[in-house]
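Colleague: Make a model of this:
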Amino acid sequence: MAKVFPDTPGVDDPGLGRRLGLDVGTVRIGVAVSDRDARLATPVATVPRETGLKDPDKGDIDRLLSIIAEYGIVEIVVGLPRDLQGNGSASVKHAKEIAFRLKRRLNKPFATDPTPPSPAPVVRMGDERLTTVVATTALRASGVSDKKGRSVIDQAAAVEILQSWLDGRAAALGS
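Modeller: Below is the predicted model:
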């Protein structure tokens, strides 16, 4: 697959506020949220994936929109799956699809959507290389078995994606 490029932290930064990190898989979506100062990422949820590539939006998209409204999110970072050479994996389509659906719904809310923060959060694609490997290693090191880890691995990967973005943002903004 061709090279794909993630967005750069700090560019067109929306300022203070919470960020949301997403690790999009074909079965689950890991969700992490930052503190208001955008310094520390913490796990929030694992959302079962319901919406396929050609489906209308289903409950997973609604749940993500609900989390976005609940936390007052200003920026969403969707993990962009790439290999070490920067080439996109087969999962790029899934990540970009979720990013597109969120962007569309946040910028043109329907009557059934929770009221999005104003202005709508910015949706970014963040580098997610090795995040699942790092998350799995961290869970094992903390004594979580592989079987028990499956239920939280997506959240841990979302934390890695978001924390990497937050660290890059802090460096870019000099904070």
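
Colleague: Show me how far stretch 91-109 is from its chain's centre.
Modeller: 11 Å (CA atoms, centre = their mean, to the nearest Å).

Colleague: Do a quick rundown of the strands in this protein.
Modeller: 18-24, 28-34, 41-48, 73-80, 122-127 (DSSP state E).

Colleague: Select the longest helix from the chain.
Modeller: Longest helix of the chain, by residue count under DSSP state H: helix 153-173.

Colleague: what inclination does that helix have with respect to strand 73-80?
Modeller: 110 degrees (axes from the mean of the first three to the mean of the last three CA atoms, to 10 degrees).

Colleague: how far is helix 153-173 from where the chain is centred?
Modeller: 9 Å.

Colleague: and if you look at stretch 47-55?
Modeller: 15 Å.

Colleague: List of residues touching that stretch?
Modeller: By CB atoms under 8 Å, 6 or more residues apart in numbering, the surrounding residues in contact with stretch 47-55 are 24-29, 31, 57-61, 63-64, 93-94, 97-98, 101. (Glycine included, C-beta is placed from N, CA and C.)

Colleague: switch the cut-off to 10 Å
Modeller: For stretch 47-55, the external contacting residues (CB atoms under 10 Å, 6 or more residues apart in numbering) are 22, 24-31, 57-64, 66-67, 93-94, 96-98, 101, 154-155.

Colleague: The strands of the chain: which one's closest to Asn107?
Modeller: Closest to Asn107 of the strands of the chain is strand 122-127 (CB to CB; 9.2 Å).

Colleague: Mind giving me the packing neighbours of that closest one?
Modeller: strand 18-24, strand 73-80, helix 92-107, helix 153-173 (3 or more CB pairs under 10 Å, 6 or more residues apart in numbering; DSSP states H and E).

Colleague: where's the spatially most central residue of the chain relative to Gly174, distance?
Modeller: Among the residues of the chain, the one closest to the centroid is Leu22, at 1.8 Å (CA atoms, centre = their mean). Separation of Leu22 from Gly174 (CB to CB, to the nearest Å) stands at 27 Å.

Colleague: Same check on Ala156?
Modeller: 29 Å.
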